[in-house]
Every structure is written in structure tokens, then in C-alpha cells.
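>>> Here is the input, now give the coordinates:
(chains A and B)
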Amino acid sequence: MSRIEIDQDRCKGCGLCVHVCPRKIIVLQQDKLNARGFHPAGVTDMSRCIGCAFCATICPDSCIEVWREGGKA
Amino acid sequence: MEEKVFSRTRGLTGKPFHYCPGCTHGIIHRLIAETLSEMDILDVTIGVSPVGCTYNNYEYFACDMVQAAHGRAPAVATGIKRVHPDSMVFTYQGDGDLAAIGTAEIVHAAARGEKICTFFVNNAVYGMTSGQMAPTTLLGQKTTTSPLGRSAAVQGYPINVSEMLATLQGAVYIERVAVNSVRNINRAKQAIRKAFKVQQANLGFAMVEILSTCPTNWGKDPVSALKWIDEAMVKQYPLGVFRGQEIEVGD
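Numbering: from 1, shown residues only, chains lettered A, B, ... in the order given. Next comes the predicted model:
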């Protein structure tokens, strides 16, 4: 299964990953605050992740790491 | 079987960036750091930090770094490269640093054909000092020092640095890219790589101008700021190669 990990403490909640995700499965978690005072990004349904790494490519703070089913596309 | 396809680069120290949420300086830092790591030149690279929002990016790059006085990064880089010709030397400069106080340094470094790479981050505003007009501010753009919008009659026209430097013989590779979409980010990385390859081949001065966002001082949310690059900035600053199109760098 493809998946991503978002560093909850580094994330500044800018929402660029939410904007570029082709599956629309990333949201800013309004019910969570990290130590820096931001609502960090989270994934609603990881089973729909395709491991495209668009989110990691646009993340300005290098918060996201990506694993893809079957390796490189 | 899953495979890790995107990891944090060892080209960055891992220290969290101090930039505002959504500021694309962080993307540009990562692209440069990934390129240094992938070309296996981290150990021989010396970067020069500017004055501006990225004044302390020496904390973030995992190569040797020097901090220059405002606008003088190309002069400092010239000295480093001439004393250490086997090193890879780059400057990282914003529009206030490069296009205002440092105009003389960048023009003459390019004219002399110094074998350095310059990464010129253009976000059309002064970020660190809180949003004053920059030489690259667009006509009509409101800033704290052009509150009615920049007017050609009062504040003059924006400077297209890439086009200007491309007229100099010593500048062998000049390209303008943007980091406002995944596609553009991937292109920007190719340009950064080409700049280092040009230096490796000892060809001459290379500069990549990178259109970047400043959500805070543009008064926009981070996603709208990405769109504003397409809607406004690329009309004044078209993307493309202004010099060195014919240079093939290979894999």
C-alpha cells in the first residue's frame, strides 16, 4: 500500500499539500494543534494514496516522506 | 511491496526553517540541497548566504557556507572560487540583495564570467523588512512603500534581471523558473542541476532566477500566492532559458 508520513511537529499548516493532492485525501486537522501553534496536515483515507509524492514535492518544510506500492513509477 | 520514494535529503541539516507558512524559499532550499546530494558534491561545495529572509540559510544547508554583507555575495563567491577553483561555489540571493544593493556585484561577476552559480529568488517584494517595494515589484503592485500600486511615473519600471544579464558575454547559462506547481518545481530542479553542471565544466557564470511566493507580504493565503505567480508574475517575468539553451549537460 502506498502511504505518506507527515511530521506533525514540523508542519506549519500552509495547505500546499492539500492543494496539490490529486486524490484529495489531505486535510488540515482543525481539531489538532502542534507545539508551534499550527493545525498540521493529516490524511483522511490512506488506502487511497497513490504515492505520487506531489505533496512532498511542494511541501516547503520537508515534512513529508512517501512510500509507493511497487516502487518508482 | 512498498518502496520509499521520497525522503528528506541529507543536503539539509534538518533544522526546521524559520520561514512563514507557505513561503516557497523552503522548496528552493530543498531543490538545491537535493541536487548537491545527488551530484555527490556536498563535501566540495561552499555556499554564500545573503541578507534578507534567508540571511541564516547557512544553518540549513549541510555544506560549507559563508555569510556575505548585503548584496556582496557574488564578490565573496568570486574570491572563494578563485582561491579554491576545485570547489563548487554558489550564492543564494533575494531580489533586494541581488537587484537593489547588490546590482553592481552581480553584473560584474556575470561580466567577468566568474565560474559560480547564483540562485536568484524573485518574489517581487522585500520580505524580511516587512513588505517594501523591491526593484522587481510589478507595476500596479501594492507594497508598504507603493501603497497606491507601483507607478512607472513615480517608482519606475521593474528590472528583468535574467534578460539584462543574458546580454553579457561572461554569463553562459541564464534561466528563469518558478516553484508554484509540481511541474514547475521539477523543472526548477533541472535548471539548478544544469547550473552546477555548467560550473563543473568550468564554462562560466550561471544564474537561475526562481519566481517565489511571499504570502505574508502579498497579503494572500499560500495557495492564492502560487496562483498569483501564474496570473501576474510570469507576465512580467516570462519563464525560459535566456542564455545557454544549447549547453547539453547529460546525466
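>>> Within range of chain A, give me the residues from the stretch 51-200 of chain B.
By Cβ under 8 Å from any Cβ of the partner chain, the residues of the stretch 51-200 of chain B that approach chain A are B:181-182, B:185-186. Using the backbone N, CA and C atoms, a C-beta is placed for each residue, glycine as well.
>>> Buried by neighbour count, from these: which ones?
B:181-182, B:185 (16 or more other Cβ atoms under 10 Å in any protein chain shown).
>>> Can you list which of the residues you listed are found in helices?
The helices, defined by DSSP state H, take in B:182, B:185 from these.
>>> would you turn the buried ones among the residues of the stretch 51-200 of chain B next to chain A into JSON lines with distance to residue A:22?
Compiled in JSON lines, these are given as follows (distance: Cβ to Cβ, whole Å):
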{"residue": "B:181", "distance to residue A:22": "12"}
{"residue": "B:182", "distance to residue A:22": "10"}
{"residue": "B:185", "distance to residue A:22": "15"}
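>>> Same list (the buried ones among the residues of the stretch 51-200 of chain B next to chain A) but as JSON lines, adding pLDDT.
Below are those laid out as JSON lines (pLDDT from 0 to 100):
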{"residue": "B:181", "pLDDT": "98"}
{"residue": "B:182", "pLDDT": "98"}
{"residue": "B:185", "pLDDT": "98"}
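>>> all helices for chain A, in order.
Assigned helices in chain A, in chain order: A:16-20, A:54-58 (criterion: DSSP H).
>>> Can you report how many residues neighbour residue B:157?
11 (other Cβ atoms under 10 Å in any protein chain shown).
>>> Tell me the buried residues in the longest strand seen in chain A?
Longest strand of chain A, by residue count under DSSP state E: strand A:64-69. Judged by neighbour count (16+ other Cβ under 10 Å), strand A:64-69 contains these buried residues: A:64-68.
>>> Stretch B:136-144 now?
Buried residues in stretch B:136-144 (16+ other Cβ under 10 Å): B:136-138, B:141-143.
>>> From those, which land in strands?
Taking DSSP E, every one of the buried residues of stretch B:136-144 sits outside strands.
>>> Closest one of those residues to chain A?
residue B:136 (20.4 Å; Cβ to the nearest Cβ).
>>> thought that closest one was touching residue B:121?
No: contact criterion Cβ atoms under 8 Å: residue B:136 and residue B:121 do not qualify, at 10.2 Å.
>>> where do the contact lists of the two overlap?
residue B:95 (Cβ atoms under 8 Å, 6 or more residues apart in numbering or on different chains).
>>> Can you report how many residues lie near the nearest residue to residue B:113 once chain neighbours are set aside?
Ranked by Cβ to Cβ, 6 or more residues apart in numbering or on different chains and with sequence neighbours excluded, the top spatial neighbour of residue B:113 is residue B:170, at 2.9 Å. Using other Cβ under 10 Å, the number of residues around residue B:170 comes to 15.
>>> Now do the contacts for residue B:170.
B:110-114, B:204-205.
>>> Same question for residue B:3.
Contacts of residue B:3 (Cβ under 8 Å, 6+ apart): A:67-68, A:70-72.
>>> Heading C-terminal from whichever strand or helix holds it, find the next helix or strand.
Residue B:3 belongs to strand B:2-6 when elements are defined using DSSP states H and E. Reading on from strand B:2-6 to the C-terminus, the next helix or strand found by DSSP H and E is helix B:25-38.
>>> close to chain A, is that next one?
Yes: where contact is defined by Cβ under 8 Å from any Cβ, part of helix B:25-38 touches chain A, namely B:25-27, B:30.
>>> now, among those, which is nearest to chain A?
Nearest member of those to chain A, counting by Cβ to the nearest Cβ, is residue B:26, at 3.2 Å.
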